[in-house]
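S.K.: just a sequence and a predicted model for now, questions to come.
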Amino acid sequence: MKQSFYAKVKDFVKQHMYGILVSFCVVTLVFVLTITAISSLAKTPTLDEPSDEVVSPAVIVFTAPVQNGTIGMGYAEDELIYHKTLQQWQTHQAIDYLAPAGTEVVAAYDGEVLSVENTMLEGVIITIQHEQNLVTKYASLDETTAVKKGDKVTKGQVIGKVGTTAMNEVEEGPHVHFEVWLKDALVDPTNYLTDGKK
Ligand SMILES: [Zn+2]
């Protein structure tokens, strides 16, 4: 009796082995396909993302602080140029724009006025803070300035006039001594000017 029950079970398994295997395979296949479909759906948005694309900051292009000036002393960091006022050869980490006294001086770029000072050596100075850690400085201006500390200015906005107030460069005549600072270091303004006024 026992033997025959065992034989029956054995026969049943034998007879249905194929069906059992097929069912198992189908279930596994469906399961795998479902998982694949879900994971591929989940991945779709990531595929559309511009993978970690770095948003590069806007390229800053200055306008010359004096629109129709001529260049006096240019930028000289590694070489020495003759300094008429000091009567010696030295570096000059700025660009001097020569123009008649009273000629308008404009902001090189959008920014906020950091300070308006009247100093003995460099005369009347305006400094403007721009984005990307850039600061522009305009020295030897006329006493009549058009902006004050804290003012927001836009590129090309008149901030003052060409003067003769800088004692250290008085022999240059009326001009603006234009400096560009990047993270507290003087840099060549030419890097940011594209109008040929080097
Ligand atoms: Zn200068």
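M.R.: Here it is on my side, so go on. Residues are numbered from 1 along each chain as shown.
S.K.: would you agree F5 falls within a helix?
M.R.: Yes. Applying DSSP: H, G, I helix; E, B strand; the rest coil, one finds F5 inside a helix.
S.K.: hmm, E143 is touching I126, no?
M.R.: No. Assessed by Cβ atoms under 8 Å, E143 is found out of contact with I126, at 11.7 Å. The C-beta positions use only the backbone N, C-alpha and C, and glycine is treated the same way.
S.K.: what about the residue nearest the centre of the chain, which SS state?
M.R.: Centroid-nearest residue in the chain, with Cα atoms, centre = their mean: P57, separated by 3.8 Å. Following three-state DSSP, P57 is assigned to coil.
S.K.: for the closest residue to it other than its chain neighbours, the count of nearby residues, please.
M.R.: Nearest residue to P57, sequence neighbours excluded (Cβ to Cβ, 6 or more residues apart in numbering): Q132, at 5.8 Å. When counting by other Cβ atoms under 10 Å, one arrives at 11 neighbours for Q132.
S.K.: please list the residues of the protein that sit near the ion.
M.R.: Contact residues (Cβ under 5 Å from the ion) of the chain with the ion: 94, 96, 169, 177.
S.K.: thinking again about what came up before, of E143 and I126, who's got more company?
M.R.: Remark: of E143 and I126, I126 carries more neighbours, 27 against 11, as counted by other Cβ under 10 Å.
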